[in-house]
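need a 3D model of the following:
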Amino acid sequence: MFAKLLGLGMIAVLVAAVLTRQSAGGGHERTYVVRPNDTLWAIAVRRYAGDPREGVWKLERRNHLAGGLIAPGMRLVLPP
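Numbers count the residues shown, from 1 in each chain. Model (predicted):
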């Protein structure tokens, strides 16, 4: 009896893990084209509420920027 309940519990956990995977329904990604004299800090201030450092971190991480250097004409993906 215990083995059946344990097996059923394991199956339930497996099914729950498969069904609760992350959804791709977050909407379309927004992009931003860098203009002359733009900085990550300035973009973060305009696009994100709160502490701009968090916005800069999100931009760097999402766009795989190593040193935070951006150039006019670059297309940045704006994370939520």
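
please count neighbours and contacts with C-alpha atoms only from this point.
OK.

which residues in this structure form helices?
2-19, 40-47, 52-62 (DSSP state H).

Y32 contacts P79, correct?
No. Between Y32 and P79 there is no contact under C-alpha atoms under 8 Å: 10.6 Å.

low-confidence stretches in the protein?
By pLDDT under 70, the weakly predicted segments of the chain are 14-27.

circling back to that earlier point, reformat the helices of the chain as JSON lines; add mean neighbour count and distance to M74.
Output for the helices of the chain, formatted as JSON lines (neighbours: other C-alpha atoms under 10 Å; distance: least, C-alpha to C-alpha, whole Å):
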{"stretch": "helix 2-19", "mean neighbour count": "10", "distance to M74": "38"}
{"stretch": "helix 40-47", "mean neighbour count": "16", "distance to M74": "12"}
{"stretch": "helix 52-62", "mean neighbour count": "18", "distance to M74": "13"}
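
which stretch among those comes nearest P72?
Closest approach to P72 among those (C-alpha to C-alpha): helix 40-47, 11.8 Å.

so for Y32 and P79, which sits in the more crowded spot?
P79 (16 against 12; other C-alpha atoms under 10 Å).

thought R75 was touching R30?
No. The pair R75 / R30 is not scored as a contact, 10.0 Å apart, by C-alpha under 8 Å.

more neighbours: these two, which one.
Applying other C-alpha under 10 Å to R75 and R30 shows that R75 carries more neighbours, namely 15 against 11.

could you report the neighbour count for the residue nearest to the more buried one when sequence neighbours are not counted?
Among residues not flanking R75 along the chain, V33 sits closest, at 4.5 Å (C-alpha to C-alpha, 6 or more residues apart in numbering). V33 has 13 neighbours, counted by other C-alpha under 10 Å.
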